[in-house]
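Visitor: What follows is a predicted structure for the sequence shown.
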Amino acid sequence: QKEVEQDPGPLSVPEGAIVSLNCTYSNSAFQYFMWYRQYSRKGPELLMYTYSSGNKEDGRFTAQVDKSSKYISLFIRDSQPSDSATYLCAMRENAGGTSYGKLTFGQGTILTVHP
Amino acid sequence: EPEVTQTPSHQVTQMGQEVILRCVPISNHLYFYWYRQILGQKVEFLVSFYNNEISEKSEIFDDQFSVERPDGSNFTLKIRSTKLEDSAMYFCASMRSAGGPIDEQFFGPGTRLTVL
């Protein structure tokens, strides 16, 4: 079983749609959960960062973590063409001990929002 | 706004040659990382570096790879004898500290390495 699984898509939606992106994971030691956005041939850029279970909202973006199900989600409301990018989920364990912040990424979901 | 920079943006090399990829992390950061992304695949962790030594490395990071922080600002990744399968985008990242829930890794724009 892969440590982090993410549906690579591609996902194509009309402008204004609600987008749902998901990842599952197997490592119960993961404590920090992130969503990165990556434009073509650029470095990942942090979008949302959550710790442990629960919801976090930032403008049109909502991140959800369900540690009991080992499942995380990113929701984008009122999607815009400028949201078109690859969205990567990433996770890491608590720092200290043998972990120094190593991120484990999902495959990335390619999202296109068309006008 | 401070950012991680990487040079060169694109490096083309012949198989068996040595390459050095360079990164300048954000100045007050203490943890440094290299990741790679083979075209169409996921971003993979290579190595983390803290307090002037490797703190963690992946299976990919074998004896052909080495990292160095030669002068307190640059952070380099050396591949001693490149193979075709080393062709990938290499990302450097840095993080201020590694203890808190708000600590974020900032990524550079990447160096595209092409091995012919």
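Guide: Now that the structure is in, tell me what you want to look at.
Visitor: Can you say which helix or strand has A:M34 in it?
Guide: Using DSSP states H and E, A:M34 sits in strand A:30-38.
Visitor: Dump that strand to CSV, restricted to CA.
Guide: In CSV, the C-alpha atoms belonging to strand A:30-38 read as follows (Å, rounded to 0.1, in the frame of the first residue of the first chain):
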residue,chain,number,x,y,z
PHE,A,30,1.5,11.7,10.2
GLN,A,31,0.5,14.7,12.2
TYR,A,32,0.7,17.7,9.8
PHE,A,33,-1.2,17.8,6.6
MET,A,34,-0.6,20.3,3.8
TRP,A,35,-2.0,21.2,0.4
TYR,A,36,0.4,22.6,-2.1
ARG,A,37,-0.4,24.2,-5.4
GLN,A,38,2.1,23.7,-8.3
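Visitor: Now do it, average pLDDT.
Guide: Strand A:30-38 shows a mean pLDDT of 93.
Visitor: And for stretch B:8-17?
Guide: What stretch B:8-17 shows for mean pLDDT is 97.
Visitor: Let me know the helix or strand that B:S94 is in.
Guide: strand B:88-95.
Visitor: That strand pairs with which strands, and in what direction?
Guide: In the sheet, strand B:88-95 lines up against strand B:31-37 (antiparallel), strand B:106-107 (antiparallel), strand B:111-115 (antiparallel) (DSSP bridges).
Visitor: just to revisit the earlier point, residues of the following helix or strand past the strand holding A:M34 that come out buried?
Guide: Reading on from strand A:30-38 to the C-terminus, the next helix or strand found by DSSP H and E is strand A:45-51. Judged by neighbour count using 16 or more other C-beta atoms under 10 Å in any protein chain shown, the buried positions of strand A:45-51 are A:47-50. (Each C-beta comes from the backbone N, C-alpha and C, glycine too.)
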